Structure formats: structure tokens, C-alpha cells
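Chemist: Got a predicted model here, sequence first, then my questions.
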Amino acid sequence: MSGPSRRSVGATLAPGLLVAATGVGAGDLVTASLAGSRVGLVVGWAAVLGGLLKWAINEGTIRWQFATGRSLLDGWWTHLGPWFGWLFLGYFLLWSFAVGGALITACGIAATAILPLGTETQSKVIWGIAHSLGGLALVRFGGFRLFARVMQVVVIAMFLAVLATAGLLVLREPFATLSATVRPTLPQTASEWRWFLAVLGGVGGTVTMLSYGYWIRETDRAGLSGLRTSRLDLAVSYALTAAFGVAMIVIGTRIAGDGAGARVAIELADQLRATLGPMAGSLFLLGFWGAVFSSLLGVWQSAPYLFADCWRLRRRDAVSATPLRETRAYRGYLVAIATLPLVLLVTTVQQVQLLYALLGAWFMPLVAATLLIMNTRSAWVGREFRNGWAVNGLLACTVALFSALAVMGIRD
């Protein structure tokens with residue numbers, strides 16, 4: 001393949017790889033591995049279904065953007081009312097603080113497992129601060145191209161490390177794994193259904209999916225041709241995300257973890273060393289670090305887009321020619337998300353994380369429901385950009401399944 005062709009493929013898939021890198025984090029890794037260890041491969045295809053549903057939602061957001069030239073947030077603010085925009089902004093501020101603290105802590109834990117500095121607590125704090133401020137510097141001064149290149153390298157290392165680890169485990173019992181994977185069955189017990197829904201909700205992120213619309217603005221995509229390119233781009237992204245989820249479930253069926261939070265990954269690495277040798281444990285830790293650091297970089301770069309867009313809409317400055325990345329709102333929020341959550345490195349954040357998880361569960365059906373309303377009106381998007389019956393069916397399925405997940409969270 002020629003150089004220009006490789007660059008063309010890279011440019012086409014780059015925004016989707018950013019979605020995959022940002023959406024796959026410590027939470028996905030932990031949930032999928034625990035699901036595999038508790039109920040086995042019966043939940044494996046939940047990762048595939050989750051990837052398909054997240055594809056439908058993201059396809060809907062960019063369908064709106066290509067049809068109207070405006071972001072989904074703009075559509076909410078304009079057609080559903082400013083109250084809806086304010087509701088999202090309140091949720092988003094809480095989400096940013098909670099997820100920022102979780103990512104900083106996870107990076108500290110992952111780096112400590114690879115190269116400890118002092119005591120475990122000291123090392124977690126040092127590495128957490130270093131990752132957060134390093135991500136801030138890269139996003140602020142490196143520009144979008146450098147950010148995208150770094151993310152591509154990290155996400156490739158992440159996927160290869162985790163898939164290679166799962167492959168080594170599968171080779172020990174290939175026929176049992178293949179049989180269970182190619183013959184998907186419905187969960188039979190309440191416990192299996194709960195883990196099925198947990199894996200379904202954990203695949204591919206939540207709020208970070210909205211970032212894709214801002215990333216493709218860095219390209220020249222437009223119209224129906226841009227929509228077709230983005231569909232392919234997102235298909236590759238969520239195929240990789242689903243493969244990552246299945247790989248973690250496979251690892252969980254072979255290596256059980258009983259800890260909490262990101263420490264489950266450390267337990268898995270220790271058991272992998274005992275089962276497959278030191279290299280396997282180190283390989284898995286590399287994948288874990290790649291997952292959490294790429295998520296941190298992606299959130300640091302994309303969350304300020306959402307805030308700056310909300311700030312612009314609040315001021316009704318819809319015709320501003322200044323790119324969002326160059327606004328004071330973007331730069332200020334970048335500094336805030338990289339610094340304010342640092343306090344969570346030395347505090348107990350279980351209740352904050354619980355509230356974030358609960359609100360996150362409701363975010364998916366909310367977005368899917370708004371897309372069912374907004375993208376089916378020809379007066380808003382035009383006949384050629386309206387949802388088809390297949391997309392509407394996937395969105396309706398998303399509303400039902402993720403609402404069940406949210407209700408389950410409330411009951412817990």
C-alpha cells in the first residue's frame with residue numbers, strides 16, 4: 001500500500017480510534033473481567049450488542065450534525081428548550097469531576113503497578129498528578145494532530161496487549177472457549193441478567209460519545225458522503241471496543257478477580273504471572289495502563305468541547321467564527337478538569353462514583369430518546385437524513401435496555 005493510501009486510511013479511521021480509546025477505560029475492563037469470572041461467557045455477546053447499540057447512538061448524533069451543520073447540544077438547546085441544555089450542563093459538571101477523579105486514580109494505580117515510587121499511596125498520588133498534568137500539557141500545547149497520533153499509538157498497544165493476553169488463555173482451552181462463544185445463549189438467572197446489563201452498559205463509554213461530532217470537525221467530512229465515511233469509521237471503532245470487551249470476559253473466565261475498582265486489574269496481572277509467566281502479567285498491565293491513560297487523554301481533550309459548546313449556547317453565540325478549541329471556555333475547562341479532581345486522590349469518593357454511575361445509566365436512554373424525536377422529523381433534518389426503521393429499532397432497543405439498567409441501579 002502506498003504512503004498516501006495509508007495516510008488516507010489513517011485519516012478516515014482516526015476519529016473512530018479516538019472514540020474507542022476514550023470509551024474503553026478502567027470501568028469497562030473491571031466490569032467485563034468480573035462478569036466473566038462470576039457468570040462466564042454467557043455474557044460475552046453482551047459486549048457485541050452493546051457495541052452495536054452505541055454505534056446506533058453515535059451514528060444518530062452525527063446524522064443530526066451532517067444534516068443541520070450544528071452539534072447535538074445545539075439541537076437540544078434549540079428544539080427541546082434551554083432547560084434541557086441546563087439539565088445536561090448540571091449533569092456534565094458532576095460527571096466531569098467524578099470521572100476525572102476516577103481516571104486520575106486509575107492512572108496512578110496502573111503506573112504504580114509498573115514502576116512504584118515510594119509507598120503505594122505516595123506512588124499513586126505522584127503518578128496520578130503526573131498523568132493528569134502531562135495530559136493537560138499535551139492537549140493544550142500539542143494540537144489536535146499530535147493528540148490523535150499519541151492516542152492511536154496508545155490504543156493500538158492497549159488492544160494488542162489485552163487481545164494477546166486473552167489469546168494466550170484461549171490457547172489453553174480452545175475448544176471450550178470457541179463452543180461457548182459461537183453459541184450465544186440468553187442469561188438464565190437474575191445474577192446473569194444483572195451482569196449482562198452491566199457489560200452492555202459498560203461498552204464504549206457514555207458522555208464521551210458526544211465528542212465524536214467535534215473530532216470529525218477537524219476533518220473535511222460533509223453531507224451524505226461524510227455520513228457514510230463516519231458510519232464505517234464508527235463500525236471499526238465499536239468492533240474493536242466489542243472485541244476488547246469479549247477479551248476481558250475471556251480473561252475473567254480463566255483468571256478470577258475479587259478486588260474493587262482498578263485494583264482488580266492488579267490482581268489479574270498477578271494471577272496471569274502465576275498462570276502464564278511474568279511476561280503475560282506485564283503485557284496485561286501495559287494494556288491496562290493504555291486503557292486508562294488513553295481514556296484520560298480523550299476526556300481531557302473532549303470534555304472542554306462540550307463545556308465550551310454549552311457556554312456558547314448559553315450566550316446564544318451560535319454564529320461565532322472562533323473554533324471552540326481556541327475559546328477561553330475550552331481552555332479554562334481543560335485546566336479545571338485536569339486539576340480540581342486531583343483532590344479525589346486522597347479522599348473517599350464512593351458516593352460520588354455511585355451518583356455518577358446512576359446518572360450515567362440514565363444518560364444513554366435519554367440521548368436515544370431525543371434522537372428518536374429529532375432525527376425522524378423531516379422539517380428538522382430533511383428527508384435524506386431521517387432515521388430508517390433499522391436505526392429507529394436499535395434506538396428503541398437502547399431506550400428499553402438502558403432504562404432497565406438504570407432501574408437496576410436505583411434498586412441497588
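Modeler: Cool, the structure landed.
Chemist: Test my guess that V170 contacts V250.
Modeler: Yes. Taking contacts as Cβ atoms under 8 Å, V170 lies within contact range of V250: 6.2 Å. The way it works is simple: take the backbone N, C-alpha and C, and place the C-beta from them, glycine included.
Chemist: Neighbour count: the two, which is higher?
Modeler: V250 (26 against 19; other Cβ atoms under 10 Å).
Chemist: Check which helices and strands the helix or strand hosting the more buried one sits against.
Modeler: Using DSSP states H and E, the element containing V250 is helix 223-254. For helix 223-254, the packing partners by 3 or more Cβ pairs under 8 Å, 6 or more residues apart in numbering; DSSP states H and E come out as helix 3-23, helix 26-39, helix 44-68, helix 120-172, helix 174-182, helix 190-202, helix 263-276.
Chemist: For M209, find the nearest of these.
Modeler: Distance to M209, taken as Cβ to Cβ, is lowest for helix 44-68 among those, at 5.1 Å.
Chemist: C-terminal to the closest one, what's the next element?
Modeler: Helix 44-68 is succeeded, C-terminally, by helix 72-75 (DSSP H and E).
Chemist: quick check, distance from that following helix to the centre of its chain.
Modeler: Remark: helix 72-75 is offset 20 Å from the chain centroid, using Cα atoms, centre = their mean, to the nearest Å.
Chemist: how much does the following helix or strand past that helix deviate in direction from helix 120-172?
Modeler: Next in sequence after helix 72-75, counting helices and strands by DSSP H and E, comes helix 82-114. Interaxial angle of helix 82-114 relative to helix 120-172 (axes from the mean of the first three to the mean of the last three Cα atoms, to 10 degrees): 90 degrees.
Chemist: centre of the chain versus helix 82-114, how much separation?
Modeler: Between the centre of helix 82-114 and the centre of its chain there are 12 Å (Cα atoms, centre = their mean).
Chemist: surely T61 meets L371?
Modeler: Yes. Between T61 and L371 there is a contact under Cβ under 8 Å: 7.1 Å.
Chemist: pLDDT below threshold where in the stretch 251-400 of the chain?
Modeler: Where the stretch 251-400 of the chain drops to pLDDT under 70, the residues are 254-264, 316-321, 347-361.
Chemist: Can you report how many residues lie near the closest residue to L276 other than its chain neighbours?
Modeler: Nearest residue to L276, sequence neighbours excluded (Cβ to Cβ, 6 or more residues apart in numbering): L168, at 5.5 Å. Neighbours of L168 under the rule other Cβ under 10 Å: 19.
Chemist: Repeat that for D220.
Modeler: The local packing of D220 (other Cβ under 10 Å) involves 8 other residues.
Chemist: do you know how far it is from E326?
Modeler: To E326, D220 is 19 Å away according to Cβ to Cβ, to the nearest Å.
Chemist: rewinding a little: now the helices and strands packed on helix 223-254 as a markdown table including distance to Q301?
Modeler: Putting the helices and strands packed on helix 223-254 into a markdown table (distance: least, Cβ to Cβ, whole Å) gives the following:
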| stretch | distance to Q301 |
| --- | --- |
| helix 3-23 | 8 |
| helix 26-39 | 18 |
| helix 44-68 | 17 |
| helix 120-172 | 5 |
| helix 174-182 | 35 |
| helix 190-202 | 22 |
| helix 263-276 | 24 |
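Chemist: Lowest average pLDDT across the ones you listed?
Modeler: Across those, helix 174-182 has the smallest mean pLDDT, namely a mean of 50.
Chemist: now L52: how far from P365?
Modeler: 16 Å.
Chemist: try F88
Modeler: Distance of F88 to P365, computed by Cβ to Cβ: 14 Å.
Chemist: swap in L234?
Modeler: 20 Å.
Chemist: What about the closest residue to I266 other than its chain neighbours, how many residues nearby?
Modeler: Distances taken as Cβ to Cβ, 6+ apart put A113 closest to I266, at 5.1 Å, once the chain neighbours are dropped. Neighbours of A113 under the rule other Cβ under 10 Å: 24.
Chemist: what sits against A113?
Modeler: By Cβ atoms under 8 Å, 6 or more residues apart in numbering, A113 lies in contact with A265, I266, A269, L285, F288.
Chemist: what's the pLDDT at it?
Modeler: pLDDT, A113: 85.
Chemist: measure it to S123 for me?
Modeler: Taking Cβ to Cβ, one finds A113 at 9 Å from S123.
Chemist: do L87 as well
Modeler: As defined by Cβ to Cβ, L87 lies at a distance of 40 Å from S123.
Chemist: Of the two, give the one with the bigger neighbour count.
Modeler: S123 (18 against 14).
Chemist: tell me the contacts of that one?
Modeler: Counting by Cβ under 8 Å, 6+ apart, S123 touches G108, A111, T112, P116, L117.
Chemist: mind redoing it with 7 Å?
Modeler: T112, P116, L117 (Cβ atoms under 7 Å, 6 or more residues apart in numbering).
Chemist: Leaving out the residues flanking it, which one is nearest to G290?
Modeler: M158 (3.1 Å).
Chemist: G118 in helix, strand or coil?
Modeler: Using DSSP: H, G, I helix; E, B strand; the rest coil, the secondary structure recorded for G118 is coil.
Chemist: What about it, how many residues nearby?
Modeler: 11.
Chemist: what about V125, neighbour count?
Modeler: Residues lying near V125 (other Cβ under 10 Å) number 20.
Chemist: so it makes contact with G108?
Modeler: Yes. Between V125 and G108 there is a contact at 6.5 Å, judged by Cβ atoms under 7 Å.
Chemist: Mutual contacts of those two, please.
Modeler: With Cβ under 7 Å, 6+ apart, V125 and G108 have common neighbours L345.
Chemist: still on that earlier bit, let me have the contacts of A113 in CSV, extended by distance to L210 and neighbour count.
Modeler: Output for the contacts of A113, formatted as CSV (distance: Cβ to Cβ, whole Å; neighbours: other Cβ atoms under 10 Å):
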residue, distance to L210, neighbour count
A265, 27, 27
I266, 32, 19
A269, 33, 24
L285, 31, 23
F288, 26, 28
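Chemist: for these, which one is nearest A406?
Modeler: The shortest approach to A406 among the contacts of A113 belongs to A265, at 26.3 Å (Cβ to Cβ).
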